[in-house]
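> What follows is a predicted protein model with its sequence.
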Protein chains: 2
Amino acid sequence: MKYAAKKTSAPECADADHKSARRVPPVSDEAIETASRLFRALGEPSRLRLLALLAQGESCVTELALSEGDDMSAISQRLRVLRSENLVVRRRSGKHINYALADQHIVDLVFNALAHASESPARVKGTFTK
Amino acid sequence: MKYAAKKTSAPECADADHKSARRVPPVSDEAIETASRLFRALGEPSRLRLLALLAQGESCVTELALSEGDDMSAISQRLRVLRSENLVVRRRSGKHINYALADQHIVDLVFNALAHASESPARVKGTFTK
DNA sequence: ATTTCATTTGAACAACTGTTCAAGTGAAGA
DNA sequence: TCTTCACTTGAACAGTTGTTCAAATGAAAT
């Protein structure tokens, strides 16, 4: 059974002094949608690896397929979803089509996450933290 | 059919001068795995909304359920996956259990993505750019 | 002790998404 | 023009994941 939003009296959860915190502009539904699509595109090892490769410089499908040890079709499918979220751009160069990360912002996102991942202490499984 | 990794001669794709680019330490498989799990957890509107709410300050399950107009069970399930990726922490406060974003790093990730999403020009569908 | 309140959990089901493969496209070279 | 090369695409299938609901837990109040 769903609750009615913002209806009943507030359940004074936290001690008042916690409600201070950050001042944040309300987030539009559309921004949420867009951001979560972006994250979802990043949320697949096979695609993230591709981005990590592209972070070293642009590369064509054949080359990526070679690095990944997978066929072009598979790579191309992955690049398709990355492209649909504007994470990568392509341009033709002779017989090949080169892909590159779309912009610095993406580079940062990927590196931040990878950096965080490299130093993060594995997943939590227990019931309660202390 | 899969290609053998790093086998055959390189397919001189890009013009040599593009291969310059960024110098990047190789990324471990584990970092990729961890980072993509993190992204996947963020890649669901329902969960991302929860994080956006928590970005305004800690909150209990009842409160979140009220804001979201959904039942506690649903919220709790979402918090479970957020917690399994260390995105949120919980602590008991009387009868309630309060959740909060795990650390500043997460706050940044969420805001960066939301900011980017708010100014990004929708998804690409066309075949070729230019 | 017993009940109640706040939250968690497991299981089932439906929806979604990644992979695979065969067929299609289109630029470049012969 | 015909062929080849590099890449893309649609469709099918399987594995994954979010939602839902009923039952379980566990701290606090009676």
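Sure, I can see it.

> For the rest of this, base every contact and every neighbour count on C-alpha atoms.
Will do.

> For chain A, give me the ranges with low pLDDT.
Counting by pLDDT under 70, chain A contains low-confidence ranges at A:1-24, A:120-130.

> 50 - rerun?
Within chain A, the segments meeting pLDDT under 50 span A:3, A:5-8, A:16-20, A:125-130.

> Distance-wise, check A:Leu42 relative to B:Thr34.
From A:Leu42 across to B:Thr34, the span is 12 Å (Cα to Cα, to the nearest Å).

> More neighbours: which of these two?
More crowded of A:Leu42 and B:Thr34, by other Cα atoms under 10 Å in any protein chain shown: A:Leu42, with 30 against 23.

> tell me the contacts of the more buried one?
A:Leu42 makes contact with A:48, B:36, B:39-40, according to Cα atoms under 8 Å, 6 or more residues apart in numbering or on different chains.

> From the residues you listed, pick the one nearest DNA strand D.
The closest of the contacts of A:Leu42 to DNA strand D turns out to be B:Arg40 (Cα to the nearest atom of the strand; 6.7 Å).

> Wait, the closest one touches A:Arg47, no?
No: taking contacts as Cα atoms under 8 Å, B:Arg40 lies outside contact range of A:Arg47: 11.9 Å.

> These two: which is more packed in?
Set B:Arg40 next to A:Arg47 and count neighbours by other Cα under 10 Å: B:Arg40 wins out with 23 against 20.

> what sits against the most centrally placed residue in chain A?
Geometric centre of chain A, nearest residue: A:Phe39, 3.0 Å, by Cα atoms, centre = their mean. Contact analysis of A:Phe39 by Cα under 8 Å, 6+ apart lists B:39-40, B:42-43.

> can you give me the helices for chain A?
Along chain A, counting by DSSP state H, helices occupy A:29-42, A:45-54, A:61-68, A:72-84, A:104-119.

> and the shortest one, what other elements does it pack with?
I take that to be helix A:61-68. Packing partners of helix A:61-68 (3 or more Cα pairs under 8 Å, 6 or more residues apart in numbering or on different chains; DSSP states H and E): helix A:72-84, strand A:96-101.

> among those, which is the most enclosed?
When you average the neighbours per residue for each of those (mean count of other Cα atoms under 10 Å in any protein chain shown), strand A:96-101 leads with a mean of 20.

> so what strands line up beside it?
Here strand A:96-101 is paired, per DSSP bridges, with strand A:59-60 (antiparallel), strand A:88-93 (antiparallel).

> Mind putting the ones you listed into CSV with distance to A:Asp71 and mean neighbour count?
Output for those, formatted as CSV (distance: least, Cα to Cα, whole Å; neighbours: other Cα atoms under 10 Å in any protein chain shown):
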stretch, distance to A:Asp71, mean neighbour count
strand A:59-60, 13, 24
strand A:88-93, 19, 16
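
> Now render the ones you listed as CSV, adding distance to A:Met72.
Formatted as CSV, these follow (distance: least, Cα to Cα, whole Å):
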stretch, distance to A:Met72
strand A:59-60, 10
strand A:88-93, 15
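
> residues contacting A:Val89?
A:Val89 neighbours (Cα under 8 Å, 6+ apart): A:83, A:99-102, B:129.

> Try it again at 6 Å.
A:Val89 makes contact with A:99-100, A:102 under the criterion Cα atoms under 6 Å, 6 or more residues apart in numbering or on different chains.

> Return the residues of chain A in contact with DNA strand D.
Chain A comes close to DNA strand D at residues A:1, A:60-63, A:72-77, A:79-80, A:95-98, as judged by Cα under 7 Å from any atom of the strand.

> again, only using 6 Å
Contacts of chain A with DNA strand D, taken as Cα under 6 Å from any atom of the strand, map to A:1, A:60-62, A:72-73, A:76-77, A:80, A:95-97.

> Need the max-distance pair from those residues.
A:Met1 and A:Lys95 (58.3 Å; Cα to Cα).

> list the buried ones in stretch A:104-119?
For stretch A:104-119, the neighbour count (16 or more other Cα atoms under 10 Å in any protein chain shown) marks A:106-107, A:109-114, A:116-118 as buried.

> got a list of contacts for that stretch?
For stretch A:104-119, contacts defined as Cα under 6 Å, 6+ apart pick out B:31, B:34-35.
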